[in-house]
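In: Sequence below, structure please.
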Amino acid sequence: MDVSVAVATELGLITPIVTKANLKTLSQISVQTRDLITKARENKLLPNEYLGGTITISNLGMSVIDDF
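Out: Down below sits the predicted model:
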């Protein structure tokens, strides 16, 4: 399963993909996520790193949300 992670950048929101997340340890996912977030914020993601995710995870914690 490929999991997209929402990342806010100066250019807007982008969703880099943690590929084959179901086959990785939590530690491996953490390392890959940090790398992808850094690349996203530096505008260095390649198309295969942000196109085609299976699901997307986003954090709405900073917003006042009653329902989603």
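In: Run a quick neighbour tally on residue 52.
Out: Close neighbours of residue 52, defined as other C-beta atoms under 10 Å, add up to 11. C-beta: built from backbone N, CA, C; applies to glycine.
In: Quick one: residues contacting it.
Out: By C-beta atoms under 8 Å, 6 or more residues apart in numbering, the contact set of residue 52 is 2, 17.
In: helix, strand or coil for it?
Out: The three-state assignment at residue 52 reads coil, by DSSP: H, G, I helix; E, B strand; the rest coil.
In: now the helices: where do they sit in this protein?
Out: Chain-ordered helices for the chain, with DSSP state H as the definition, fall at 26-41.
In: which intervals of the protein have sub-threshold pLDDT?
Out: Under the criterion of pLDDT under 70, the regions of the chain flagged as low confidence span 60-63, 65-68.
In: same thing but at 80, please
Out: For the chain, applying pLDDT under 80 flags the ranges 56-68.
In: Leaving out chain neighbours, which residue sits closest to residue 36?
Out: Nearest residue to residue 36, sequence neighbours excluded (C-beta to C-beta, 6 or more residues apart in numbering): residue 16, at 3.8 Å.
In: Let me fix that, I meant to ask about residue 19.
Out: If the residues on either side of it in the chain are set aside, residue 19 comes closest to residue 2, at 5.1 Å by C-beta to C-beta, 6+ apart.
In: who are the neighbours in contact with the residue nearest to residue 36?
Out: Residue 16 sits next to 4-5, 7, 36-37, 39-40, 45, 49-50 when contact means C-beta under 8 Å, 6+ apart.
In: 6 Å instead, please
Out: 36, 40, 45, 49-50 (C-beta atoms under 6 Å, 6 or more residues apart in numbering).
In: for the residues you listed, which one is nearest residue 64?
Out: Distances from the contacts of residue 16 to residue 64 were compared by C-beta to C-beta; the smallest belongs to residue 40, at 25.5 Å.
In: What's the local residue count around the closest one?
Out: Other residues within reach of residue 40 by the criterion other C-beta under 10 Å amount to 22.
In: okay but it is in contact with residue 15, surely?
Out: No: in this structure residue 40 lies outside contact range of residue 15 using C-beta atoms under 6 Å: 8.7 Å.
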